[in-house]
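Colleague: Here is a sequence with its predicted model. Questions after.
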Amino acid sequence: MEKSVKITLIIVVGIIIVTLLGYLALTRMNPVTQGNTVSADGQAVIKAVPDLVSIYFNVETTAQTSSEANKKNSDIVDKLSSSLKDQGLADKDIETVSFNIYPEYNWNNGIQTFKDYKARHQIKVKISTDETDKIGKIIDSGVDAGAGISYINFELTQEKQNEYKAQALKAAAEDASIKAQSIAEGFNKKLGKLVSVSNNNFYYSPWKLYSGNGVVSDAAAAKEATTNIQPGEQDISASVTAVFKLG
């Protein structure tokens with residue numbers, strides 16, 4: 001008797017779970033109208049003008065000890081930083097993106113043998129888009145110090161990112177409100193209070209001017225690719241989902 005009761009409970013619980021899963025699937029498939037609410041997705045795309053040029057240098061050194069690899073790397077970075085500061089750049093304009101030291105190995109017939117230590121340092125140099133004429137000299141500083149060029153981007157400062165984000169999200173919210181209002185009117189309903197809103201996406205990506213292999217020999221190609229380059233407008237997108245009551 002006790003065994004049959006347990007079996008019955010398991011069956012009942014299984015039915016409840018299946019029912020809940022089915023309900024959730026249906027509400028996801030049809031999010032526009034749920035009971036006395038209406039849901040609308042709002043999208044917006046705005047134009048943004050970059051205000052920053054970022055030049056990414058790659059400094060790579062090898063040695064038989066980690067400390068020696070680190071010292072060789074630091075010497076190049078110090079030389080590069082000193083040269084950049086002579087051009088009027090400040091510490092805040094020279095940023096370490098990543099740094100690591102790791103051992104490298106050779107493999108021969110499945111046998112691993114130590115090769116050397118590699119130190120890798122990526123440095124980001126930032127200048128205003130009003131100073132694109134400085135790119136060539138900055139690249140020369142990297143080459144003279146022994147650094148390679150990884151890539152060069154048009155980007156947005158954090159201040160500009162925040163400004164454009166606010167504009168894009170506001171426009172997306174307005175789009176969602178207009179859509180919800182239209183849906184409500186289509187059903188002869190009145191749009192009521194806002195129930196909930198979610199920020200689905202804000203998309204901003206740097207705009208690449210040049211991409212290289214991070215080696216010194218790429219310098220000439222990098223300089224040529226960035227000659228007389230001026231920033232143009234780029235798209236920034238945002239989306240939100242808003243749920244309103246229906247009256």
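Modeller: Perfect, I can see it now.

Colleague: quick one, what contacts residue 161?
Modeller: The contact partners of residue 161, by C-beta atoms under 8 Å, 6 or more residues apart in numbering, come to residue 204. Glycine gets a C-beta too; all of them are placed from N, C-alpha and C.

Colleague: Distance of it relative to residue 152?
Modeller: From residue 161 over to residue 152 the distance is 19 Å, taken as C-beta to C-beta, to the nearest Å.

Colleague: Which helix or strand lies directly C-terminal to the helix or strand of the chain with the lowest mean pLDDT?
Modeller: Here the helix or strand of the chain ranked lowest by mean pLDDT, DSSP states H and E is strand 33-34, holding a mean of 46. The helix or strand immediately downstream of strand 33-34 is strand 37-48, counting by DSSP states H and E.

Colleague: Sheet-wise, list the partners of whatever helix or strand comes next after that next one with their directions.
Modeller: Following strand 37-48 in sequence order, the next helix or strand is strand 52-63 (DSSP H and E). Taking DSSP bridges as the criterion, strand 52-63 sits next to strand 111-128 (antiparallel), strand 148-155 (antiparallel) in its sheet.

Colleague: and strand 52-63, how far out from the chain's middle?
Modeller: Computed by C-alpha atoms, centre = their mean, to the nearest Å, the separation of strand 52-63 from the middle of its chain amounts to 19 Å.

Colleague: Checking the spatially most central residue of the chain next. Helix, strand or coil?
Modeller: Centroid-nearest residue in the chain: residue 205, 6.1 Å away (criterion: C-alpha atoms, centre = their mean). Of the three states, residue 205 takes coil under DSSP: H, G, I helix; E, B strand; the rest coil.

Colleague: measure it to residue 198 for me?
Modeller: From residue 205 across to residue 198, the span is 22 Å (C-beta to C-beta).

Colleague: Could you point out which of the strands paired with strand 52-63 sits nearest residue 80?
Modeller: Judged by C-beta to C-beta, the one of these that comes nearest to residue 80 is strand 111-128, at 7.0 Å.
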